[in-house]
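Colleague: Sequence first, then the predicted structure, then my questions.
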Amino acid sequence: VTIPSKINGKKVTSIGNGAFMYAYLISITIPDSVTSIGDSAFLNCGLRSITIPDSVTSIGDSAFLNCESLTSITVSSNNKYYSSKDGVLFNKNKTTLISYPTGNTKTSYTIPDSVTSIGNEAFHHCTSLTSITIPDSVTSIGDSAFDNCLNLTNITIPDSVTSIGKEAFFCCESLISITIPDSVTSIGDRAFSWCTSLTSVTIPDSVTSIGETAFEGCESLTIVTVSSNNKYYS
């Protein structure tokens with residue numbers, strides 16, 4: 001599909017919410033007239049790659065979610081708001097990792113040291129990944145950041161992280177153990193729900209809130225260790 005820059009003499013400036021949702025769409029060309037891509041614009045479609053032109057100033061939530069054939073997201077080097085590296089979508093300064101393409105078949109990934117925030121749904125349903133390295137620069141892990149990473153077995157949360165979002169590791173079925181560092185103060189609702197292989201978890205004294213059903217469905221979980229200095233949990 002090639003989106004025209006004009007329709008009936010008027011510029012095409014936006015791709016609306018859910019515009020190509022569930023479309024059997026392999027490739028698309030976005031013109032330089034487009035400034036915004038809406039929420040769920042390409043949700044569950046068949047895209048294999050996409051190039052974001054320099055004109056785009058906003059990309060909505062879940063824009064590329066569940067695009068199982070999408071292996072690469074490329075951003076024009078002249079775009080002032082977004083950037084890409086190795087096919088992964090970031091904000092311009094690469095401080096926020098926005099979207100890792102679901103169809104990328106690599107088994108491991110190292111997040112760049114520039115990243116301070118892992119965005120909501122950033123690695124959603126990236127089933128090829130078995131190992132992800134999070135650098136010490138990261139302070140927050142967004143909602144559903146790693147949910148349904150079914151084969152993820154190895155991940156270490158660094159001491160810099162202060163919050164773990166809702167459903168951050170939801171249904172990571174292969175995750176065996178997790179150590180939450182002393183820097184974390186909050187664990188979101190359903191953060192580790194249905195991590196069916198999770199056998200142990202350690203809660204440090206820094207944690208002041210654990211969301212609802214944070215460990216629901218963790219049928220292999222036999223050891224939960226809470227720091228003796230924690231003032232809220234035991």
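Modeller: Nice, I can see it. Numbers count the residues shown, from 1 in each chain.

Colleague: only C-alpha atoms for contact and neighbour calcs from this point on.
Modeller: Fine.

Colleague: Any idea how many residues pack against the closest residue to I223 other than its chain neighbours?
Modeller: Among residues not flanking I223 along the chain, S200 sits closest, at 4.7 Å (CA to CA, 6 or more residues apart in numbering). Neighbour count for S200, taken as other CA atoms under 10 Å: 16.

Colleague: Okay, and the beta partners of S200?
Modeller: Beta-bridge pairing of S200, defined through DSSP bridges, involves S177, I223.

Colleague: From T185, how far off is it?
Modeller: Shown here: S200 relative to T185, a distance of 19 Å by CA to CA, to the nearest Å.

Colleague: And what about L198, helix, strand or coil?
Modeller: coil (DSSP: H, G, I helix; E, B strand; the rest coil).

Colleague: The residue lying closest to it once chain neighbours are set aside: what's it in contact with?
Modeller: Of all residues beyond its chain neighbours, the one nearest L198 is I176 (4.1 Å), with distances taken as CA to CA, 6+ apart. Residues in contact with I176 (CA atoms under 8 Å, 6 or more residues apart in numbering) are 153, 197-200.

Colleague: Most neighbours among these, please name it.
Modeller: Neighbour-wise, the contacts of I176 (other CA under 10 Å) top out at L198, 25 neighbours.

Colleague: got the contact list for that one?
Modeller: Shown in contact with L198 (CA under 8 Å, 6+ apart): 173-178, 218-221.

Colleague: For it, give its distance to L221.
Modeller: Using CA to CA, L198 is found at 5 Å from L221.

Colleague: Output the lowest mean pLDDT helix or strand found in the protein.
Modeller: Within the chain, no helix or strand scores below strand 177-179, which has a mean of 88 by mean pLDDT, DSSP states H and E.

Colleague: can you pull the buried residues of it?
Modeller: Residues 177-178 are the ones in strand 177-179 that count as buried (16 or more other CA atoms under 10 Å).

Colleague: got it, and stretch 83-101?
Modeller: So for stretch 83-101, counting by 16+ other CA under 10 Å, buried means 83-84, 87-92, 94-101.

Colleague: Lovely, talk soon.
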